[in-house]
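Engineer: Return a 3D structure for these sequence lines:
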Amino acid sequence: MIACCSAAAEQHRTGLAEALPGLREDLTGRLRTIGLTVIDSQAPFVLVDTSSIDPLRSIRRPLAERGFAVRRGETFPGLGPTWIRLAVRDPATHAGLVEAISGVAAGRELQNPLPQNSQPDNPKENPR
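Structural biologist: The predicted model follows:
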């Protein structure tokens, strides 16, 4: 309880809350620069439509193969498999993510891809 209620914890939460709008703007700006549709919000994540990359399938697996785990967007009512949910992070992570998405869009192959079954699109398909 002390770790989350101390003065230091409060200061940390306040700092994160103050930084979030600028960090979200960094991520959404980078995504829009590569032609993706992003839903505006104040949440610590953004919803992104990747149908311009693949109109039928999710790009979650190719991103996982590039080291980026992203959440499904179709859990939000009305959104389909081409939607993904991205956590707002720091600018360096955003830059790497956008580079990975650009690689998926360009159809570039990975030099050292992860094994095929390392990141299933649906965790229930490969229970551990």
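Engineer: Could you tell me how many residues sit around the residue lying closest to Leu31 once chain neighbours are set aside?
Structural biologist: Leaving aside its chain neighbours, Leu31 sits nearest to Val38 (5.1 Å; criterion: CB to CB, 6 or more residues apart in numbering). For glycine as for every other residue, the C-beta is placed from the backbone atoms N, C-alpha and C. When counting by other CB atoms under 10 Å, one arrives at 17 neighbours for Val38.
Engineer: My guess is Val38 contacts Thr50. True?
Structural biologist: No: counting by CB atoms under 8 Å, Val38 stays clear of Thr50, with 10.5 Å between them.
Engineer: about what we covered before: for the residue nearest to Leu31, give me its contacts.
Structural biologist: Residues near Val38 by CB atoms under 8 Å, 6 or more residues apart in numbering: 28, 31-32, 46-49.
Engineer: Show me what it is bridged to.
Structural biologist: Val38 has the following beta-bridge partners by DSSP bridges: Val48.
Engineer: what's the pLDDT at it?
Structural biologist: On pLDDT, Val38 comes in at 98.
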